[in-house]
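Colleague: fold the following, please.
(one chain, ligands or ions: 2)
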Amino acid sequence: MSGLTFIHPVQRPDKVLGLKPHSDRSWITVFLQDELVEGLQFVKDEKWITVPVIPHALVVNLGDQMQIMSNGIFKSPVHRVVTNADKLRISVAMFNEVEPEKEIGPVEGLIDEKGSRLYRNVKNYASFNYECFQKGKVPLEEVKFHA
Ligand SMILES: O=C(O)CCC(=O)C(=O)O
Ligand SMILES: [Fe+2]
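Modeller: Ligands and ions are numbered 1, 2, ... in the order given. Presented below is the predicted three-dimensional model:
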């Protein structure tokens with residue numbers, strides 16, 4: 001799936017987010033960011049860090065499906081988009097997802113000797129993800145086994 005994201009300027013950028021904090025539901029996302037307007041932020045050392053705008057560079061982000069299939073080895077980082085007061089921001093994203101009818105779960109070879117499997121198997125992660133958001137739940141937490 002691919003899409004364009006339009007983040008419109010707002011009067012009070014300190015009060016309005018362009019996109020709420022989330023991790024991507026895909027296994028890998030490739031973004032082409034706006035060439036002039038920054039806004040994408042990731043958490044690093046408990047602080048929001050802005051991704052610099054580099055014209056023609058692609059931003060590659062791993063998503064939840066990768067975190068699940070790698071049994072937590074590869075992380076699906078939380079990110080958000082902030083607004084600004086005067087410029088429209090447009091970005092292009094390509095979300096690569098597993099076919100909905102295929103069940104995903106941690107790959108056998110990546111489950112350690114103690115056999116700790118961190119995630120249960122899940123089918124149609126896109127709709128599961130959507131349902132979690134509707135209920136205000138974090139999808140990755142909902143597929144995790146809790147000791
Ligand atoms: O616009 C961006 O740079 C990021 C958008 C995003 O995080 C998303 O669509 O999942
Ligand atoms: Fe995202």
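Colleague: so the closest residue to Gln33 other than its chain neighbours: helix, strand or coil?
Modeller: Closest residue to Gln33 apart from its sequence neighbours, by CB to CB, 6 or more residues apart in numbering: Ser91 at 5.1 Å. For glycine as for every other residue, the C-beta is placed from the backbone atoms N, C-alpha and C. Secondary structure, DSSP: H, G, I helix; E, B strand; the rest coil: Ser91 is strand.
Colleague: spatially nearest residue to the residue nearest the centre of the chain (excluding sequence neighbours)?
Modeller: Central residue of the chain (CA atoms, centre = their mean): Asp24, 2.1 Å from the mean position. In space, Asp24 comes closest to Gly63 once its chain neighbours are excluded; the distance is 3.6 Å by CB to CB, 6+ apart.
Colleague: Glu46 and Asp112, how far apart?
Modeller: 27 Å (CB to CB, to the nearest Å).
Colleague: got it, and Asp24?
Modeller: Counting by CB to CB, the gap from Asp24 to Asp112 is 25 Å.
Colleague: then Tyr130?
Modeller: For Tyr130, the distance to Asp112 - CB to CB - is 31 Å.
Colleague: poorly predicted segments of this structure, please.
Modeller: 147 (pLDDT under 70).
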